[in-house]
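Asker: show me the folded form of this:
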Amino acid sequence: MKNPCKDMMEKIKAPDSLKDKVWNAACAAQSPVAENTRHPSRHHNVFRVAVCAAFAFALVLSGGLLFFKPGTDGTGNAKGAGSSLSSAYHFGLVAYAADLNETYAPKDNKIAFSVATSGGGEIPGKGDYTGCLFRVTGDGIKTVSASIDRGGFYRYKKFTNLTQDDVKALYAAEANSTLKADAQFASSDDKNIWCSEQVTAIGSRFSEDWTADGSYGFWVPSELIQHSEDEDLQAAAHKEIDTFNGATLTITATFDDGSQQTKTLHLKTGKLKVVYNGNTQTVLPELASADDPYTYSVYAELDK
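Answerer: This next block holds a predicted model:
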């Protein structure tokens, strides 16, 4: 019997070393087992990925005591050179789903990220923009800085309500190397109103003014990616995610009053358990058992 999923995969023009990700995406609707998926954009050989579901933490520091915002039960820390506590301000980290434009609530002291259909992709010669996105949230934040000791970061921006002429101008800028991003990929549901997703690698550390919609993701530099014709495709996809296994992520927020708070996360990778509610899947920050649906992705534990 002809397999419609495989037939669809064979029609997609994408790097051979990554076609398994497209296959997994096509079959996910028919299988209870979720896996890493990458889809080609409409205009590029770029495989789009996203945070599908995640958990995050947020905290309030007041009078030297540690409190959590109502409805959360995570843990966090405020430490490091120059750190101070502020009764007026707090900050937290949330995982961001670019395809849904949603952030996700905390669970215990762990965060789970998942690869799905938007927010990044592997771009030949530039690296893997994994789609594992996060945002820094809080009150009175002036600047945010972050560092990671494995792999790096990229900045993600989404521009909406664009016209077809706007999109043509973006492609022209990309073609003549004047686009202020590593890559962009446009999409439209009705060919009238368009959006453009843009990704820019920013290295293993950054410091910049804070914005509420600032979105950052985990980036695998191109020199760390190696493909071969006879490679196990699933293993190759997992290897790219494993770049962040054992990494330490440090984030510092500086507030309007000059005070600072710092949080440290320890990243891990593995087969994370997926639970379904109708057509919505949630990735838990726990390893799947042999019979559980799963996705291979990144999760983090916070310093207690």
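Asker: helix/strand/coil for the residue nearest to Lys180 when sequence neighbours are not counted?
Answerer: Of all residues not flanking Lys180 in the chain, Thr200 sits nearest, at 7.6 Å (Cβ to Cβ, 6 or more residues apart in numbering). Backbone N, C-alpha and C define where each C-beta goes, glycine included. Classification of Thr200 by DSSP: H, G, I helix; E, B strand; the rest coil places it in strand.
Asker: okay but Thr200 is in contact with Phe153, surely?
Answerer: No: at 9.6 Å, Thr200 does not count as touching Phe153 under the criterion of Cβ atoms under 8 Å.
Asker: which parts of whatever helix or strand Leu267 lives in are buried?
Answerer: Under the criterion of DSSP states H and E, Leu267 resides in strand 260-277. Of the residues in strand 260-277, 260-265, 267-274 count as buried by neighbour count, 16 or more other Cβ atoms under 10 Å.
Asker: for the residues you listed, which one is nearest Glu208?
Answerer: Gln260 (15.1 Å; Cβ to Cβ).
Asker: hmm, the closest one is touching Ile251, no?
Answerer: No: judged on Cβ under 8 Å, Gln260 makes no contact with Ile251 at a distance of 10.8 Å.
Asker: so what's the residue nearest to Leu249 when sequence neighbours are not counted up against?
Answerer: Leaving aside its chain neighbours, Leu249 sits nearest to Leu265 (4.4 Å; criterion: Cβ to Cβ, 6+ apart). Applying Cβ atoms under 8 Å, 6 or more residues apart in numbering to Leu265 gives the contacts Leu93, Ile111, Thr248, Leu249, Thr250, Ile251, Ala300, Glu301, Leu302, Asp303.
Asker: count of neighbours near the closest residue in space to Arg155 that isn't next to it in sequence?
Answerer: In space, and not counting its chain neighbours, Arg155 is closest to Thr200: 4.8 Å by Cβ to Cβ, 6+ apart. Neighbour count of Thr200, defined by other Cβ atoms under 10 Å: 18.
Asker: state the distance from Thr200 to Thr248.
Answerer: Look at Thr200 and Thr248: by Cβ to Cβ, to the nearest Å, they are 23 Å apart.
Asker: not counting its neighbours along the chain, what's nearest Lys273?
Answerer: Residue nearest to Lys273 in three dimensions, not counting chain neighbours: Ala288, with 4.1 Å by Cβ to Cβ, 6+ apart.
Asker: hang on, that neighbour packs against Tyr294?
Answerer: Yes: proximity of Ala288 to Tyr294 meets the contact threshold set by Cβ under 8 Å, at 3.7 Å.
Asker: what is in contact with the two at once?
Answerer: Listed as contacting both Ala288 and Tyr294 by Cβ under 8 Å, 6+ apart are Lys271, Leu272, Lys273, Val274.
Asker: check contacts around the third one.
Answerer: Contacts here follow Cβ under 8 Å, 6+ apart; on that basis Lys273 touches Val283, Leu284, Glu286, Leu287, Ala288, Ser289, Asp292, Pro293, Tyr294.
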